[in-house]
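Peer 1: below are the sequence and a predicted model; questions follow.
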Amino acid sequence: MSKISTYSLADTPLQLSDRLIGTEAPRPQPTATPLATKNFSLGELLQLFSANFPAATLQAVLNAGNIATQDMFITGTIDVTLIKPTNIEDILGSQGTNFQFLSKATTGINWVNLPVDNLQAVLNAGNTATQNINLTGNITSTRIIPGNIQDYTTSIGTTGQVLTKSTSGIVWSNIPTSLTPGLNDVLLVGNTVYSDISIVYPDNGILSTSYGNGFASFTNTGSGDSMIFQWSGIRYQTPTPSIFTEIGFTTPSSNNAILFPDASGTIALISDIPAAITLTTTGTSGSSTLIAGVLNVPTYTLSGLGGVPTSRTLTINGTAYDLTADRSWSVGTVTSVTATSPITSSGGTTPVISTSMSTNKLIGRSTAGTGVMEEITIGTGLTLSGGILNGSSSGVTSVGLTMPSAFTVTNSPITSSGDIAVTGAGLVSQYVRGDGTLANFPNSTGGGASVNYYLNGSVSQGTFGGATYYQMSKTPILGAGTNFIRTNGAGNGYIASFITDAGDPSFLNIPGGNWNLEFYFQASSGGGSPQFYGEIYKVSATNVFTLVASGSANPEGITNGTTVDQYYTSIPVPQTSLLITDRIAIRIYVITGGRTITLHTENGNLCEVLTTFTTGLTALNGLTQQVQYLAVGTGATNFNISSSGDTHTFNLLFNIRRNANNSSNNNINYNGYAVTGSAESSAVWTITRLTIGSSGSVTIGTATNVAWTNRESVIYT
């Protein structure tokens, strides 16, 4: 066995021929060569490692994400897209100072200062620019002799073009063939108008000047009205009719102002209004005047106003009286005054005017047309006493009301104005029969009662055909209540669907008849014509829905607006066969009628479906039909009951037959016979007769070895 020893010292530096001891590791793909422990030279290891190193280039190092932390000396060319140096050191080791620039020297790149000569010094030296010069300041010169001028579009123009100012800058442009300057362009350069000018404003107005006539006018193009300004005044003029209002001016001798003292439109020069006005009353006629602060109002007389008219008359009752010379006159004297009934007059010059009427009369007029008052006679049934007109009647003086026993009547009879009240006399749980009496609803606790289902909106039965169905159960859920809403925006459609539990109703047929639906609805507002109806389906164990009956032909109205109210409807259901595994579903459809409809379930709003199914016995002698029948059979040797389909047949040992020949003493004879299987004509029968007399007595007799066909003639002992 070999021995491996280690030593603390070894020759340095190591050489690639030096060896290390190691053991091979298992290969991912095993080979037949066993794993070995051997000496590996450093050269072999270097060759192994170098195969997994990145390429020994700067690019490979940089591609691996390395960052240089030491100086790098590169003798080749560096090609880069972007260099962002913090400093650049020239061949002299300088990194430059502010405002220095790098310059190419014979030995390399150096930082140097800017030359001290300015552009003017360069030009003064006779230098010529051989490159573009971009100046951002102003150029001030005595003369510019350009070879070309380039505009902002980089164009240097063509022959005949001129430089013009645009919003973007100076641009070469063709000379317009006709240039019409605007009024403002003309006026801004100090020109004077020597011709008429018309200015159109966007609000239907035209301002015009007339050079030859020396005036300006502003005309409304809609109405045609004009305001004319001229040296002699201001005129407002209308075209149709051609009228005007004008304010005139004369050459002033001093500064004046126009004063509008009040709303009357009076206009005066301020200089013409005195500080005080003196009132005089000179003259008896003419106009009042205001001159130099003196207001003169003449003292007017009748003659000054034209005098009294030469003719004045007063007409009384068709007679004209002359008032020209004398203003007093006589119209005569009243000698007598008469009157027409019912007004009377005592006559003479001072008559007494009064009325005269018979007793129990009224004043009025029965004759057609306008005329004198007449006495009115009081008719039958009316009396006049103490100045009061009363009516009396010999007709109905009392009204009463009778109702069936199901109702209670109060305040009957009435002999004057008033109300007769009718209220129900029964209980909430009772109903009124057709004859007006009260009756109790039948109990649903006994056999044969109707099967009722409640709509429990809080219990989901799952999804069928994309719609969620809720529980339809014989047991109601109170809870907090669950509501279903169909908005008007959603339109007409199903508001909710319900289905019985699996295995319910567990019947083989649906008896024909009405299914009564009791639902609670509420509308978002009154009015409109919202309605509802139901559809009844049978559902197979594989969830196949088959329509049994629909109420779509007779929808019921939802008429009580926003009140949560109970509504009733019924659906005629035909007799329908079922499988014992079938379920029952109901879908409720609403016609919104422009309203949002809410269906309320549970809590105090128990929606109910009353079916034609019945409770009680679920099976009798092996038969499960809801409606079953009893029958009597013949020919049995032993009593038995045969149950098949929906009928139970009782096979008896003997029959009781009523004797048709019972005229004697009005007796009723019943013949009993033993069934032996023989023909009725064979004399092998034993017959027992029970005779019930008219008095009720019973006689029993027997005949043996006789034929059934001779039963009436044989002797019974």
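Peer 2: Structure received.
Peer 1: what sits against the closest residue to Ser173 other than its chain neighbours?
Peer 2: Once flanking residues are discounted, Ser173 sits nearest to Thr164: 4.6 Å by Cβ to Cβ, 6 or more residues apart in numbering. Every C-beta, even on glycine, is put in place using the N, C-alpha and C of the backbone. Shown in contact with Thr164 (Cβ atoms under 8 Å, 6 or more residues apart in numbering): Ile170, Val171, Trp172, Ser173.
Peer 1: any idea how far apart the tips of stretch 572-579 sit?
Peer 2: One end of stretch 572-579 sits 21 Å from the other (Cα to Cα, to the nearest Å).
Peer 1: gap between it and the chain center?
Peer 2: Relative to its chain's centre, stretch 572-579 lies at 43 Å (Cα atoms, centre = their mean, to the nearest Å).
Peer 1: list the buried residues in stretch 216-227.
Peer 2: Ser217, Thr219, Ser226 (16 or more other Cβ atoms under 10 Å).
Peer 1: pick the one among these closest to Tyr567.
Peer 2: Thr219 (76.4 Å; Cβ to Cβ).
Peer 1: not counting its own residues, what contacts stretch 29-37?
Peer 2: So stretch 29-37 is contacted by Ile21, Gly22, Thr23, Glu24, Ala25, Pro26 (Cβ under 8 Å, 6+ apart).
Peer 1: go again using 7 Å as the cut-off
Peer 2: Residues from elsewhere that reach stretch 29-37 (Cβ atoms under 7 Å, 6 or more residues apart in numbering): Ile21, Thr23, Glu24, Pro26.
Peer 1: from memory Leu401 sits against Val409, does it?
Peer 2: Yes - Leu401 lies in contact with Val409 (Cβ atoms under 7 Å); the separation is 5.4 Å.
Peer 1: show me where the stretch 151-300 of the chain has strands.
Peer 2: For the stretch 151-300 of the chain, the strands defined by DSSP state E, counting those that start in this stretch cover 162-165, 170-173, 197-201, 205-210, 215-220, 226-230, 233-238, 243-248, 258-259, 268-269, 278-280, 289-291, 294-296.
Peer 1: where does the prediction get shaky in the stretch 301-450 of the chain?
Peer 2: 301-312, 323-332, 392-395, 428-429, 440-449 (pLDDT under 70).
Peer 1: secondary structure element holding Thr383?
Peer 2: strand 382-385 (DSSP states H and E).
Peer 1: need the helix or strand of this structure with the lowest average pLDDT.
Peer 2: When the helices and strands of the chain are scored by mean pLDDT, DSSP states H and E, strand 657-658 comes last with a mean of 40.
Peer 1: measure Gly224 to Gln230 for me?
Peer 2: 19 Å (Cβ to Cβ, to the nearest Å).
Peer 1: need the contact list for the closest residue to Trp708 other than its chain neighbours.
Peer 2: In space, and not counting its chain neighbours, Trp708 is closest to Glu680: 3.9 Å by Cβ to Cβ, 6+ apart. Counting by Cβ under 7 Å, 6+ apart, Glu680 makes contact with Ala707, Trp708, Thr709.
Peer 1: find residues that contact each of Leu401 and Val409.
Peer 2: In contact with both Leu401 and Val409: Ile420, using Cβ under 7 Å, 6+ apart.
Peer 1: that older thread, and the residue nearest to Ser173, what pLDDT?
Peer 2: If you check Thr164, the pLDDT there is 86.
Peer 1: and what of the one 5 residues further on?
Peer 2: Looking at Gly169, its pLDDT reads 86.
Peer 1: helices of the protein, start to end?
Peer 2: Remark: helices assigned in the chain by DSSP state H are 42-50, 58-63, 119-124, 183-188.
Peer 1: got the domain ranges for the chain?
Peer 2: With domains defined by automatic domain parsing, the chain comprises 13-21+39-60, 183-248, 439-614, 618-653, 658-710.
Peer 1: so can I have JSON lines of these showing distance to Ile353?
Peer 2: What follows is the domains of the chain, written out as JSON lines (distance: least, Cβ to Cβ, whole Å):
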{"stretch": "domain 13-21+39-60", "distance to Ile353": "144"}
{"stretch": "domain 183-248", "distance to Ile353": "64"}
{"stretch": "domain 439-614", "distance to Ile353": "67"}
{"stretch": "domain 618-653", "distance to Ile353": "101"}
{"stretch": "domain 658-710", "distance to Ile353": "107"}
